[in-house]
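Q: Following is a predicted model, sequence given first.
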Amino acid sequence: TSDKQDAKDTTAAVTEGTTAAGEEKATEEKAENSGETTVKADKPYKLALITMDSLDQHWVTLNEGAQAEAKLVGVEVKFMSPDTKDDSKQIECVNNAVAGGVDGIMIAANGPDAISASLKEAQAQGIKIVYVDSPANVDAEASFATNNKQGGKTAGEEMKKALEAQGITKGNIGVISTNASTQSTVDRDNGFREAFEGSDFTIEETQYCDGDAAKAQTIAENYITKGVVGIFGGNEGSTVGIGNAIKASGDNKIVGVGFDKSDNIKSLIQDGYLLCTMAQNPDVMGKMGVDALVESLNGKDLKGETVDTGVSVLNKDNLK
Amino acid sequence: MKNKVKEILRIRGMRGAITAFVGLVIIYVVFGCINDKVFSLQNNLNLLRSMAKYLLIGIGQSFVMITGNIDLSIGSVVGMSAMVTASLMTRGVPIMVALLVSLLIGLIIGYVNGELVGKFQMPPFIATLGTMFVARGIAYLVNGNRNTDNIASILGKDQGKLFQDAFYYGKILGIYTTFWIAFLIFLIFSFILGKTKLGRHIYAVGSNKEASRLSGVDIVSVIKKTYLISAFCSVIVGYILCAQAGMGNMEAGNMYEMYGVAAGVIGGVSPLGGSGLLLGTFQGALLWQTLENGLNMVGAQVGIQRIVIGVIVVLAVLMDVLVRNGNLFSKKNKQ
Amino acid sequence: MKNKVKEILRIRGMRGAITAFVGLVIIYVVFGCINDKVFSLQNNLNLLRSMAKYLLIGIGQSFVMITGNIDLSIGSVVGMSAMVTASLMTRGVPIMVALLVSLLIGLIIGYVNGELVGKFQMPPFIATLGTMFVARGIAYLVNGNRNTDNIASILGKDQGKLFQDAFYYGKILGIYTTFWIAFLIFLIFSFILGKTKLGRHIYAVGSNKEASRLSGVDIVSVIKKTYLISAFCSVIVGYILCAQAGMGNMEAGNMYEMYGVAAGVIGGVSPLGGSGLLLGTFQGALLWQTLENGLNMVGAQVGIQRIVIGVIVVLAVLMDVLVRNGNLFSKKNKQ
Amino acid sequence: MGNSLVQMKNIAKSFSGTKVLKGVNLELGHGEILALLGENGAGKSTLMKILSGIYSKDSGEIYLDGELCHFQNPKEAQNKGVAIIHQEMNLCNDLSVSENIFLGREVMEGLSLNHKKMDEEAQKILDDLGISMKSTELAGDLKVSEQQMVEIAKALSQNAKVLIMDEPTSALSRKEIEDLFRVIRKLRDEGRGIIYISHRLDELRAIADKVSILRDGENVISGDLKDFSIDDIIRHMVGREIQDKFPRILCEKGKEILRVENLNAGPKVRDISFSLYEGEILGIAGLMGAGRTEMTRALFGVDEKTSGKIYLFGEEVKTNTPKDSIELGMALIPEDRRKDGLCTDLSIRENISLPNLDSMKNSLGVLSKELELKISEDTIKSLNVKAKDREMISKNLSGGNQQKVVLGKWLVRNPKVILFDEPTRGIDIGAKVEIYQIMNELKKKGVGVLFISSEMEEVLGMSDRILIFCDGRITGELSREEANQENILKFATRYEEKV
Ligand SMILES: Nc1ncnc2c1ncn2[C@@H]1O[C@H](COP(=O)(O)OP(=O)(O)OP(=O)(O)O)[C@@H](O)[C@H]1O
Ligand SMILES: Nc1ncnc2c1ncn2[C@@H]1O[C@H](COP(=O)(O)OP(=O)(O)OP(=O)(O)O)[C@@H](O)[C@H]1O
Ligand SMILES: [Mg+2]
Ligand SMILES: [Mg+2]
């Protein structure tokens, strides 16, 4: 079922992806001076935000976006995420939210299937669900997600372009991701590989760093020793690791492409160690998520619209 | 009457169990005051359901700890069980068969642990550290480094629902099946530990291997059995996680071995062997879950959560240690 | 001559060190044959640099294990050290101060471990499980639940470079500083363990606490010192990870305590206490890193990697156990 | 008065409520050897542990050379020149002999240890004691007897003013005892004071000058040894007459129960063959290290056999594990009761139950509390174990009572064959006689009793027939008529002439 979704969103994302530079600016504007907002809450609803874990900067930013909006709209958003990426724990967080008597839940599904059942239970109790970042296989009011597969593909295409610009048309390419059991990063992985289908490049077996930049760097260093022409990082940790490894190797010909944005990644790009990164807009997700929940609680039917909040390609040029 | 109380207090590990119970009540009330929803029926039902897996893990780990050993492979066996069960189901294997195969593989790991620790007398810490890696590796491989799809995808909705209700979503007498399963196993194993020959031998081996051997106890088979029990409990937890998520997650059960140790030790099971009660483990598991649940309900930061949990673990045992200060002396030699 | 060899073999833990060395060579060659890049200079330099952190961890854990205890807080202290150091630097604190503060906090954790295990005689497994949670919690809190920015962002490029080169990117005599730091510490602690009173008492305590106490050894202070040493090593590793990433990562050092155990035990350090050599730990760390590095170079799947690592851990110790089958007997009672 | 070396004045001590020492006095002069005597549990070790700073006294004073001392820990006592040899082995098995001897008092050379010096000095002490042992050997590889000698060497190396020996000879052979006494006398002549605890009353004349007797944590009497006859001493110790030290009874020797043929197990058990008959006590004599324990361990299936046949009631049986042997109706009272005999953390009840759980199951195969309590209560009563109650942790029992518990758990099974390995080691005369009584009871019931002992008198006193071991072989067999100290020793020292 999730594939159908992908297909549907692809078009949207591509446009987003290409209008990268401008988009990035735009969204950042939105995040900062979101002084006025379109929606107002009829009642002071109690909402829960449940992300995959509460540590990645990505989730922290998403939460900040949500909290900021919550103030303006006049609702309470409780950040009830599990301490680590773990299906079981995320499900229990949903259960806790239900028991905690919330009116609506914003959730970033660890996997599309895992929490479906407990979400159905929640809906059965009249609780509204909205997806942020990663949807599950249950029809919700709305979902504001990155199309990770598409994002990965865009990353692949960026790397391919850069390599061909160097006149490189074949060689090995390394892939580092956080772990094999998080759907969103797996999708990016697949998308990235898709971009190279039919080319003479060979993509290495994916290696996992559990989000630890240091471990990612060690892996990247090994890739470099093996003589890869490019490395893709599926999340913030692995991207930083790759940047540092390329920096250390002193061989800037190796093309590093990453996912997510953080100050470290930005500086690595500016210094030219990374080609670019696929920046998502978590703060936007958080904001739109709150709005959507409030609207549907106010009684508006959002017809389960799925908005691809898009990935924007951050590179040296648009990071001024 | 007074003597009766004395009698009970002298049962090895009873004091620990009581300490844990007191701690439990305190924590529960404290959180309840911060967020009254903690006392809500729904939350307590959730509590019982979630603690079930820690109880099972704790039981397995307790058996191993009472013989003076440790089982680090628990978490991985949980993950392996969840993955094997799920990936078999998503390949259209009938539920029952899937469960049995998964159990079998789990028990094999347990058996290997038993062989390494019992027969070859490897340090348990390192032997089970090895099988921990192996079991996790299997969890990755069974479905080719991918989490499984929804089990219903092949089995069909109702079959899937049947399985998920049986282990997680169903209720009996208003309480979730998960709890009943754990509770049943708890009763059975409490009986085994307290009232059977095997149980007594487990305490004896934990207290003095050589003396037990000279008294005709087959220490190797006793140790093996404890590891099999531990593996069995882990597999059941694997089922539960699989039913809960309706799929297999390769990382499932991460760190559970530690939760097992925590549940046991908070409940007064001595990691040095020779003493402990499953009743204590029950309290320990419930305390641990109440803590996690409460911290989540009040929306505490991860950092805070970690610290609170750590402090509680230490305090729980420290209290117990300080209470039976007299016996401290004796521990020294064994430790 | 023959006697000389015998003599050497009789040194506590020497056999383990040798077993490890043999295993190391085999593994290295095998991987080298699969992918000749393994033999490349650059790879070997990387190898030495990456093994340095396992060596340090291993040293700390070995000291603790030789007294018959265990330190589970190592990984968290590493993470804490990395986070504290980095977040201080990103707040513009001078490098030296940042390092000292981080060291201080690390040693406090070590001291607490020592108090709990040595003075209050808590089971080391549970005491350090508690501090493991606490230290990790601190790692999360110091920078408000987020990884730090790049340390250069405030310190400025050259200051940042200075620090990063000192601990990771710089070279001396063509070999990375990371290795030299670890090697220096290795030499110092080898001396302490082998040639000083403290070292001797560490073996004694691990071999028989009661006997040591009766001989006037202050076992509490000995145990404390081992935990301080362990914390010290962990903090240094924290610096290294911080220098490597140029930032603080909250999850840094996850599972390192286990790697420490692996390095030590593969190198012939007995987790039952009383025997072991840092020379062995050195081999063990190198073996472990060679394994990780090799599996990585040949691009093995995670699943395979886990299984291979698990099997090797077990085999390494099993071999040692089987070799000294005779001594097994005596261990039995202690186990 | 002031010139006495040690003075302990009404020392009191109680453990978890039970008063163990009730105001005991003790005095030791320079150049004096004091024999401290008393039944098991009289409080001897406790008193000495207080003097050496291991336990803290509840009340009372300790004077060393007239100076009032309060020892907080063993170290302080050591510094004041008090050294103790403990009743239980206290060596670090992973450390070498010299490392053990100098533990806590290492010889330094600047920052680092002076291994060479320590090894040499240790070697010197060992040679003094006439022990053939390298100071670099691992303590764990030594035999119990040798470990005991190391303990002694360790205490001597502190050249203390006061040397306490808590049953140093309980694990020693005659030769080793001779060497030890030589050294003790030397120390006395140097003006040191020695407190000597032993249950081997026969030794006393050879070594002690003064004697002080405790009973139930109180002084009974003290004075010059020459004023006491052995029988006086015994009377004072147990508080009653003991007519017959070796109450041997005669009964009809029945048919063969156990036959061992060409049993081999490692270097210490070589080609052992013998038979044991109904209602017979078969004594096994020999010097320490003769291989008797190994023989019983191999026979009982504790250690592996390399070859040999075993027959019970004429038919061959396999005893590859203790379990086998026990199911065949055999029982082993091991030499080292703390290490091999008891689960010291478990209660008396649980220890007694351990090998008897099958007989405590009810119809459903479930352990029945009632049955268990009854059996343990009965055993405790019939062997009159001195304990607070059946739930007392066996670690805290005194030596004799621990041995009774070990015995008790086997008697419940009423076995056909019992192997006693040093059953009376470290046990007071009163308890000894009780154990002899039990052996007689068994004998009357037609049980075959194998009785290993290093105490010549009791082997001679109790056995119907005596096998003598040397170098892991049987070097002689004597009927009790022929048997006497001389010819036993003759066989016991018949070593193979090494070619
Ligand atoms: N640590 C302890 N805790 C509780 N009771 C103890 C402890 N140590 C000794 N006792 C009790 O104190 C009494 C005296 O013990 P002690 O060892 O001094 O006797 P003893 O004269 O040395 O006997 P033996 O000749 O068998 O060595 C015994 O009844 C024993 O049960
Ligand atoms: N397998 C073993 N493990 C540990 N200790 C042992 C073992 N076998 C023997 N010993 C100890 O070594 C000591 C001396 O060894 P051996 O058994 O040869 O002498 P022995 O003939 O038993 O003398 P005795 O019976 O008087 O001690 C014994 O007291 C026994 O406690
Ligand atoms: Mg005594
Ligand atoms: Mg013997």
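A: Alright, I've got the coordinates. Residues are numbered from 1 along each chain as shown, chains lettered A, B, ... in the order given. Ligands and ions are numbered 1, 2, ... in the order given.

Q: quick one: the residue of the stretch 1-150 of chain A found nearest ligand 1 from ligand 3, how far?
A: Closest to ligand 1 within the stretch 1-150 of chain A is A:Asp83: 45.2 Å, counting by Cβ to the nearest ligand atom. Where you see a C-beta, it was placed from the backbone N, CA and C, and this is true even at glycine. Going from A:Asp83 to ligand 3 by Cβ to the ion, to the nearest Å gives 55 Å.

Q: ok, now A:Gly243?
A: 71 Å.

Q: Just confirm yes or no for stretch B:243-253 near chain C.
A: No: using Cβ under 8 Å from any Cβ of the partner chain, stretch B:243-253 stays clear of chain C, with a minimum separation of 8.6 Å.

Q: State the distance spanning the first to the last residue of that stretch.
A: End-to-end span of stretch B:243-253 (Cα to Cα, to the nearest Å): 14 Å.

Q: Check stretch B:196-214 too.
A: Note: stretch B:196-214 ends 20 Å apart using Cα to Cα.

Q: ok, now stretch D:358-368?
A: So stretch D:358-368: terminal residues 10 Å apart, Cα to Cα.

Q: next one: stretch D:77-89
A: 19 Å.

Q: pLDDT wise, what is the residue lying closest to B:Gly299 once chain neighbours are set aside at?
A: Sequence neighbours aside, A:Lys78 is the residue nearest to B:Gly299 in space, at 4.9 Å (criterion: Cβ to Cβ, 6 or more residues apart in numbering or on different chains). Note on A:Lys78: pLDDT of 87.

Q: Then D:Lys13?
A: pLDDT, D:Lys13: 91.

Q: Wait, a helix at it?
A: No: secondary structure of D:Lys13 (DSSP: H, G, I helix; E, B strand; the rest coil): strand, not part of a helix.

Q: all helices of the stretch 101-250 of chain D, in order?
A: Under the criterion DSSP state H, counting those that start in this stretch, the stretch 101-250 of chain D contains helices at D:115-128, D:144-157, D:174-189, D:201-207, D:230-238.

Q: which of these sits most buried?
A: Scoring the helices of the stretch 101-250 of chain D by mean neighbour count under mean count of other Cβ atoms under 10 Å in any protein chain shown gives helix D:144-157 as the most buried, with a mean of 22.

Q: Which elements pack onto that one?
A: For helix D:144-157, the packing partners by 3 or more Cβ pairs under 8 Å, 6 or more residues apart in numbering or on different chains; DSSP states H and E come out as strand D:82-85, helix D:97-101, helix D:115-128, strand D:162-166, helix D:174-189.

Q: can you dump the C-alpha coordinates of it into CSV?
A: Included here for helix D:144-157 are C-alpha records, laid out as CSV according to Å, rounded to 0.1, in the frame of the first residue of the first chain:
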residue,chain,number,x,y,z
VAL,D,144,46.1,-28.8,51.1
SER,D,145,49.0,-29.9,53.2
GLU,D,146,51.4,-27.7,51.3
GLN,D,147,49.0,-24.8,51.4
GLN,D,148,48.9,-25.2,55.1
MET,D,149,52.7,-25.0,55.3
VAL,D,150,52.5,-21.8,53.2
GLU,D,151,50.1,-20.3,55.7
ILE,D,152,52.6,-21.1,58.4
ALA,D,153,55.5,-19.7,56.4
LYS,D,154,53.5,-16.5,55.8
ALA,D,155,52.9,-16.0,59.5
LEU,D,156,56.5,-16.7,60.4
SER,D,157,57.7,-14.3,57.8
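
Q: Next, see if stretch D:26-33 gets close to ligand 1.
A: No: Stretch D:26-33 stays clear of ligand 1 (Cβ under 6 Å from any ligand atom), getting no nearer than 13.1 Å.

Q: Flag every buried residue along that stretch.
A: D:26-30, D:32-33 (16 or more other Cβ atoms under 10 Å in any protein chain shown).

Q: Need those in TSV (columns: secondary structure, distance to C:Pro123 and pLDDT).
A: Below are the buried residues of stretch D:26-33 laid out as TSV (DSSP: H, G, I helix; E, B strand; the rest coil; distance: Cβ to Cβ, whole Å; pLDDT from 0 to 100):
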residue	secondary structure	distance to C:Pro123	pLDDT
D:Leu26	strand	40	91
D:Glu27	strand	45	90
D:Leu28	strand	42	90
D:Gly29	coil	48	89
D:His30	coil	48	89
D:Glu32	coil	47	91
D:Ile33	strand	45	92
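
Q: Check the residues you listed and tell me the two furthest apart.
A: Distance extremes for these: the farthest pair is D:Leu26 and D:His30 at 15.1 Å, using Cβ to Cβ.

Q: quick check: domain ranges of chain D?
A: D:4-238, D:256-492 (automatic domain parsing).

Q: Once you drop chain neighbours, what's closest to the residue in the stretch 51-200 of chain D positioned nearest to ligand 4?
A: Residue of the stretch 51-200 of chain D nearest ligand 4, by Cβ to the ion: D:Val144 (7.2 Å). Nearest residue to D:Val144, sequence neighbours excluded (Cβ to Cβ, 6+ apart): D:Ala171, at 5.2 Å.

Q: CA atoms only for the longest strand seen in chain A, dumped as PDB, please.
A: Ranked by residue count and defined by DSSP state E, the top strand of chain A is strand A:170-177. Output in PDB follows, covering the C-alpha atoms of strand A:170-177 (Å, rounded to 0.1, in the frame of the first residue of the first chain):
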ATOM      1  CA  LYS A 170      31.900   3.800 -13.100                       C
ATOM      2  CA  GLY A 171      33.300   2.700  -9.800                       C
ATOM      3  CA  ASN A 172      32.100   1.600  -6.300                       C
ATOM      4  CA  ILE A 173      29.800   3.700  -4.100                       C
ATOM      5  CA  GLY A 174      29.400   3.200  -0.400                       C
ATOM      6  CA  VAL A 175      26.300   3.500   1.600                       C
ATOM      7  CA  ILE A 176      26.100   4.200   5.300                       C
ATOM      8  CA  SER A 177      22.800   4.300   7.200                       C
END
